[in-house]
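Chemist: here is my input; please provide its structure:
(one chain, ligands or ions: 1)
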Amino acid sequence: MAADRRLPWWLRWTCAIFRAGEVPRHVAFIMDGNRRYARQLGVELQAGHTAGFDKLEQVLEWCLELGVEAVTVFAFSIDNFRRPAAEVDALMSLARDKFAHFQAHESLIQRYGMRLQIVGDLHLVPPAVLAEMERAVALTRTHTGPLLNVCFAYTAQHELLHATRAIVAATRAGELDVDEIDEHAISRAMPSNVAPDGQQVPAVDLLVRTSGERRLSNFLLWQAAGARLAFLDVLWPALSAWSFFAVLIQFQLSQPAVASAAWRDRECVRSSGCCS
Ligand SMILES: CC(C)=CCC/C(C)=C/CC/C(C)=C/COP(=O)(O)OP(=O)(O)O
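Modeler: Residues are numbered from 1 along each chain as shown. Coordinates of the predicted model:
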């Protein structure tokens with residue numbers, strides 16, 4: 001499905017330049033700092049979360065333009081249910097609106113033909129939110145574009161628990177031999193690793209967290225084992241394209257081919273004559 005491009009020309013050009021190098025196939029985001037952003041502006045906390053969602057749509061569009069195949073976002077942790085009831089209710093109502101928005105023809109999900117998947121302990125999600133999630137996911141069932149994994153009512157430990165139970169059930173049912181349980185079997189049993197069409201999701205190769213926190217907070221502990229980690233001091237709603245591109249430059253410089261070429265160039269300059 002052809003995307004209706006709404007990005008400014010300079011952003012499309014910059015993305016085209018990045019596409020000449022190695023682009024991460026799977027990027028994950030911990031979208032942290034919405035409430036601090038609201039406090040800094042002196043507005044309601046809910047306005048910070050709304051700004052956070054708007055930023056998610058922007059960042060997604062940058063990723064799509066770059067040709068990223070899968071994006072996974074930490075939208076709501078199981079631990080977030082411990083926040084004051086009024087904030088949880090407001091976040092659920094925002095989520096319901098946003099999943100309804102994902103169904104609209106002009107939404108990013110529809111424009112880019114994205115596949116949508118929700119991962120988490122969905123028993124904890126209020127029925128009205130769950131209904132909108134299911135409708136949004138159903139509308140993307142025939143899509144073949146990039147994947148958006150929304151981790152909602154999620155922790156990595158819960159996902160690992162789910163995978164462990166699924167593996168035990170499969171061995172009890174005689175569908176899986178104990179000797180066949182390896183890293184691949186565990187990966188396949190983890191919902192965020194398998195797209196709705198059954199395709200294997202590439203491993204996370206770049207994980208970005210905003211707001212200055214330098215920890216994973218129970219997000220994708222298995223999938224991000226080999227990921228490059230980027231911790232940015234900016235609050236999520238204030239994340240600029242340039243901060244994100246700076247992360248991408250670091251990512252591209254860290255790729256083995258580029259890193260070894262840079263090392264060779266340095267050696268070349270150091271040793272006499274070969275670059276003259
Ligand atoms: C698809 C969908 C429904 C997306 C939801 C949008 C969104 C940005 C959710 C993030 C919610 C959240 C708990 C952010 C963390 O900031 P924080 O509240 O912990 O802020 P703080 O770190 O400043 O306290």
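
Chemist: can you report how many residues neighbour the residue in the chain positioned nearest to the ligand?
Modeler: For the chain, the residue positioned closest to the ligand under CB to the nearest ligand atom is G52, at a distance of 3.0 Å. To be clear about C-beta, it is placed using only N, CA and C from the backbone, and glycine gets the same treatment. Neighbours of G52 under the rule other CB atoms under 10 Å: 24.

Chemist: swap in the one 3 residues further on?
Modeler: One way to gauge burial is a neighbour count; for K55, by other CB under 10 Å, it gives 22.

Chemist: next one: W13
Modeler: For W13, using other CB under 10 Å, the count is 11.

Chemist: how close does it get to Q255?
Modeler: As judged by CB to CB, to the nearest Å, W13 and Q255 stand 22 Å apart.

Chemist: near R172, how many other residues are there?
Modeler: Number of residues near R172 (other CB under 10 Å) recorded here: 9.

Chemist: can you pull the residues of this protein lying near the ligand?
Modeler: For the chain, the residues in contact with the ligand (CB under 6 Å from any ligand atom) are 31-36, 49, 52-53, 56, 75-76, 80, 95, 98, 150, 211.

Chemist: could you tell me which of these belong to helices?
Modeler: Residues of those located in helices (DSSP state H): N34, R35, R36, H49, G52, F53, L56, A95, K98.

Chemist: in TSV: these, plus pLDDT.
Modeler: Converted to TSV, these look like this (pLDDT from 0 to 100):
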residue	pLDDT
N34	97
R35	97
R36	98
H49	96
G52	97
F53	95
L56	97
A95	97
K98	96
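
Chemist: pretty sure the residue of the chain closest to the ligand is touching S211, no?
Modeler: No: contact criterion CB atoms under 8 Å: G52 and S211 do not qualify, at 10.6 Å.

Chemist: overlap in contacts of the two?
Modeler: The contact sets of G52 and S211 overlap at W236 (CB atoms under 8 Å, 6 or more residues apart in numbering).

Chemist: count of neighbours near the residue lying closest to the residue of the chain closest to the ligand once chain neighbours are set aside?
Modeler: Nearest residue to G52, sequence neighbours excluded (CB to CB, 6 or more residues apart in numbering): N34, at 4.0 Å. N34 is flanked by 24 other residues according to other CB under 10 Å.
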